[in-house]
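S.K.: Sequence plus predicted model, see below.
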Amino acid sequence: MLRFPDTLACQMAVSIPQVAHLIEAAVKVEPALVSSESDSTLSLDTRLRRLVYEPFKAAVPFTASLAHPYLIVIDGLDECEDKDGIGEFLNTTFNFFDENPSIPLRILVTSRVERHIQPLLLDSRVKLLDLGNNTSRDDVRMFLHLVFEEARRTCPVIQAYIRRRGSWPKPSQMDALLNHIDGSFILAATLAKYIIHGIGPSDSHLTPIDRLPLAIKINPGLDGLYIQTLSRAQDRPYFHDIISTITILEEPLPISGIAELLNIQPYEVVHALVDLQAIVQVPGTDDIPVTFYHTSLRDFLTTESRSKQFFVPPSFHVRLLTHCLRCEMRVRRQYPKLDLEFGRQTVAVQYSLEYREAVHWKNGCNASGPTELATLVQLRREMLEMLPDHEEEGGCCDLGSALIALFHQSGMASHIEESISIYRDFLDCHPHPHPNRDRLLSNLGKAFQSLYLRSRSIPHLEAAVPMHRQALNLRPNPHPTRHESLHSLGECLFKLSLIRDSIAHAEEAGGLLREAIKLRPQPHPERHSSLHLLGKIHVTLFKKTTLVSHIEEAVPAFREAVSLRLHPHTERHSSLFSLGDSLISLFERTHSISLIEEAVPVLRESASLRPHPHADRHWSLNKLTLALFKSLDSTKPHSHLDLEEIIALEREELSLRLHPHPERPWTLGNLAYSLYTMFQSTGSAEHLDEAISLQREALSYQPGPPFPAAQVVEWHILCLKARYGLTQSISDLDEAITQARTLAFGEYPILPFRRDNRGWALKELQSLLQQRFDVTQNQEDLDDIENLREFEDIERVNDLLLTDGDNLHEDAEDCDNSDSGMDDISDDASMMSMSADGWEDDGEDCGDSDLDDSIDDGEDDESQMSTDS
């Protein structure tokens, strides 16, 4: 504040010339009045009076312009670091007005009400105006209207848009922009400048029409202010509980309500917030709600990457729920088994009655740890003892859902068994037409589902189905939670379809999920879950029926699920994987290059969201390499860089499928083929040697169906032949002959897409024997060749005798449906990799597990508990 009197005096002398000579006279008498030295002997009070107030007072009688009050505006008083100087300035000013109550002078100060300023302003001589409560949306709208009107008048791009498309911006865009600005003129000015002019070369290719929707999503850029301000108070008692509570409250509460919820004193709430008034509106009384100045503070506090130590996790919902229960129970203990008349309760108890289950349980049940859930279970047991009879049903549901959630965290069967017992007892005592029977049936069904997920006992899953059917029958359209029963029943039937290999169950599940999706239109929070599950059902039906229509329906379902499961949604990786896998399957039927081009980036993102040691990372890598190979096949010749990437991905996949992993032979075979393909491009013997070694390992495990051992043997023979061509090692020729005999006369199953393995092996065996004879001149090789030719003739005759018209017709169909020929090893490689999906058909989920263990909270929206097994 040292130069503050000089600045005021200078500006006053300019605007009121009659004051100038009075200020000059004062400075001649006391030169120290304008001293800039910090050790000046004159106080701030003295300098303000002699340089500003006394000259102004003396000039009033001689200045006609002062017939009306003269206004001094001081902007941003809180930004002055001299706290003592601020106090001295305000006290001097108050004293001057006390001495001169009729002086035509007014002072307008803008400031955040910081802790050192607030006490000085609690004065009858000060008129306080809270701009946070008086900022008009209409004022911001008027400002933007003027900005956009000028842009429409001067910008040819906007003029061209309006001629073709009509008004700009559209009313819906203006409303969204106003909601985002939330009354902040600084943000309004910043966004208006960005929309019209951009930020520089980086977005020069965008027009104002392009930048407007981007501006609606832009970060206001206040993170630095938030961190700096919150840091001032983070060591205060109860700070984290208080700021977290304000962040996730469904409706703002006053200081007294926050204190009652947290069971602390109101002064302790004020103590934690008093230094946050730059970003938090802290009212002067205990009965006015505490709010944030801008909604971006809530976004900041709930985004861990931005707020760091101030992050409010979803698990705090359950912590606040326990505070709500304790607050409510303090009242219920005084009036056990009696109704609480809502209107006569405190704001904290009213808040608990209205939001503790509908908001905080729903948002926190999936994110809480076992300690918080155990505390919640105990509180709900106590609450159940206090509830009046007609509220016991709700208390039972609340306790049962908490026990299910605790079971998922602890794995203790006693928790889920207790919840099942609670639901069954209540259902036995309250038969139809009890008004909430559907809710209890739904929760009982979900309890059985949860038990199945842990035990994998089919009777538990079978027990869930009739519970969900009964609940669905009690929830006819337009029942607000019918969609939940449709989803849950469809989920159970889908799982049973996998276990029992039942197409009927899968088709019924698909019908239920389609109806659930209709009842979960955008922006329903669980629409993504039903879409993903419907996609999985269609994939299963495609594998069982081979009808392309099923995979064609699966792809758009997964696409929409991905669009709704935006990062950092915990199941985004699962929908990405399923979408990529389905795109590959559809590509194999339609050969549309655009499908495989879409699949590659989708599967790349899926793999990136499944970093090591994610249990399903190996599946994402497997499908990504498959998509890359199919992309290569469609753009031959193969690129070395692409092949190197595929090999690197398959090496990582192999490192994640250590013996005795059941899919290790698949990866060994695929990596061997990639190395063989690389050898064909580079001629590197190292690639060929490694491929042969990997093929030997794959075959050593003697994997059974659906592993295509015959195909790996074919490749092994080709690799051995290639190496013999390089090294002339007779041992490679001997091994190739042995493998060809095994393929021709062994027990390898005939591949569904290669009906001529034996014929190919017989011809290859003869060729190999001829090569060995040319080197060794061993007559036995020639004898073997002659015997093989006789065997081929006999086989050909037998085939003709056994083949009737129907068989020929079936063979023709099989040939038409075949995706690869004998000579197209590249296509065979893709088929082998894809065949790994056979592991899914036994009822387990490969690379994609997204079973919802939903708990019915009695509200319109279900509370989801998803597991990724």
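M.R.: Okay, I see it.
S.K.: State the pLDDT value of the closest residue in space to Asp438 that isn't next to it in sequence.
M.R.: Distance criterion CB to CB, 6 or more residues apart in numbering; nearest residue to Asp438, sequence neighbours excluded, is Leu474 at 3.7 Å. (C-beta placed from N, C-alpha, C; glycine too.) Reading off the confidence values, Leu474 has pLDDT 95.
S.K.: gap between Leu474 and Ser530?
M.R.: Between Leu474 and Ser530 the distance is 20 Å, computed by CB to CB, to the nearest Å.
S.K.: Leaving out the residues flanking it, which one is nearest to Asp139?
M.R.: In this structure, Asp139 finds its nearest non-sequential neighbour in Phe185, 7.8 Å apart by CB to CB, 6+ apart.
S.K.: Count the neighbours of that neighbour for me.
M.R.: 13 (other CB atoms under 10 Å).
S.K.: thinking it is in contact with Met142, fair?
M.R.: No - using CB atoms under 8 Å as the test, Phe185 is too far from Met142 to be in contact (11.1 Å).
S.K.: What is the least confident helix or strand in this protein?
M.R.: Each helix and strand of the chain was given a mean pLDDT (mean pLDDT, DSSP states H and E); the minimum falls on strand 866-867 at a mean of 28.
S.K.: mind showing which ranges of the stretch 101-250 of the chain have poor pLDDT?
M.R.: 112-116, 118, 130-135, 186, 199-200, 202-203, 220-221 (pLDDT under 70).
S.K.: can you give me the strands for it?
M.R.: With DSSP state E, counting those that start in this stretch as the criterion, the stretch 101-250 of the chain has strands at 105-110.
S.K.: how near is Pro525 to Val280?
M.R.: 28 Å.
S.K.: Those two: who's more crowded?
M.R.: More crowded of Pro525 and Val280, by other CB under 10 Å: Val280, with 22 against 13.
S.K.: can you pull up the bridge partners for that one?
M.R.: Phe292 (DSSP bridges).
S.K.: Please report how far it lies from Pro252.
M.R.: Taken as CB to CB, the span from Val280 to Pro252 is 11 Å.
S.K.: Are there residues contacting both of these two? Which ones?
M.R.: Ile246, Val290, Thr291 (CB atoms under 8 Å, 6 or more residues apart in numbering).
S.K.: Restricted to buried residues, select the residues you listed in PyMOL.
M.R.: Applied in PyMOL, the following selects the buried portion of these according to 16 or more other CB atoms under 10 Å:
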select buried, resi 246+290+291
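S.K.: Name the nearest of the shared contacts of Val280 and Pro252 relative to His591.
M.R.: Distance to His591, by CB to CB, is smallest for Ile246 among the shared contacts of Val280 and Pro252, at 57.4 Å.
S.K.: can you map out the helices along the stretch 151-300 of the chain?
M.R.: Secondary structure of the stretch 151-300 of the chain by DSSP state H, counting those that start in this stretch: the helices cover 156-165, 171-181, 185-197, 208-217, 223-231, 239-248, 255-262, 266-273, 296-301.
S.K.: Tell me which of the ones you listed lies nearest to Leu22.
M.R.: When those are compared by CB to CB, helix 185-197 sits nearest Leu22, at 37.8 Å.
S.K.: Quick one: work out the angle between the closest one and helix 171-181.
M.R.: 140 degrees (axes from the mean of the first three to the mean of the last three CA atoms, to 10 degrees).
S.K.: Okay, buried residues for helix 185-197 please.
M.R.: So helix 185-197, judged by 16+ other CB under 10 Å, has buried residues Leu187, Ala188, Thr190, Leu191, Ala192, Tyr194, Ile195, Ile196.
S.K.: List the contacts of the closest residue to Gly400 other than its chain neighbours.
M.R.: Excluding the flanking residues, the one nearest Gly400 by CB to CB, 6+ apart is Ser419, at 4.1 Å. Residues near Ser419 by CB under 8 Å, 6+ apart: Leu399, Gly400, Ser401, Leu403, Ile404, Phe407, Asn443, Ala447.
S.K.: Surely the last one touches Ala402?
M.R.: The reference is to Ala447. No - with contact defined as CB under 8 Å, Ala447 and Ala402 do not form a contacting pair (11.8 Å).
S.K.: which one of the two has more residues nearby?
M.R.: Ala447 (31 against 27).
S.K.: Let me see the contact set for the more buried one.
M.R.: Residues near Ala447 by CB under 8 Å, 6+ apart: Gly400, Ile404, Ile416, Ser419, Ile420, Tyr423.
S.K.: Which SSE is immediately downstream of the host helix or strand of it?
M.R.: Remark: Ala447 resides in helix 437-455, with elements defined by DSSP states H and E. Heading C-terminal from helix 437-455, the first helix or strand you meet, by DSSP H and E, is helix 458-473.
S.K.: which residues sit against that next one?
M.R.: Residues contacting helix 458-473 (CB under 8 Å, 6+ apart): 438-439, 441-442, 444-446, 448-449, 451-452, 482, 485-486, 488-489, 492-493, 495-496, 499.
S.K.: can you pull out the helices in the stretch 651-800 of the chain?
M.R.: According to DSSP H, counting those that start in this stretch, the helices that the stretch 651-800 of the chain contains are 664-682, 685-700, 709-727, 730-745, 757-776, 779-802.
S.K.: Pick out the residue closest to the middle of the chain.
M.R.: For the chain, the residue nearest the mean C-alpha position is His569 (1.7 Å; CA atoms, centre = their mean).
S.K.: now, which of the contacts of Ser419 lie within strands?
M.R.: Among the contacts of Ser419, none falls in strands (DSSP state E).
S.K.: Reformat those into a markdown table and put pLDDT and distance to Pro706 next to each item.
M.R.: Output for those, formatted as a markdown table (pLDDT from 0 to 100; distance: CB to CB, whole Å):
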| residue | pLDDT | distance to Pro706 |
| --- | --- | --- |
| Leu399 | 93 | 47 |
| Gly400 | 92 | 42 |
| Ser401 | 91 | 41 |
| Leu403 | 94 | 41 |
| Ile404 | 91 | 37 |
| Phe407 | 92 | 36 |
| Asn443 | 91 | 40 |
| Ala447 | 93 | 36 |
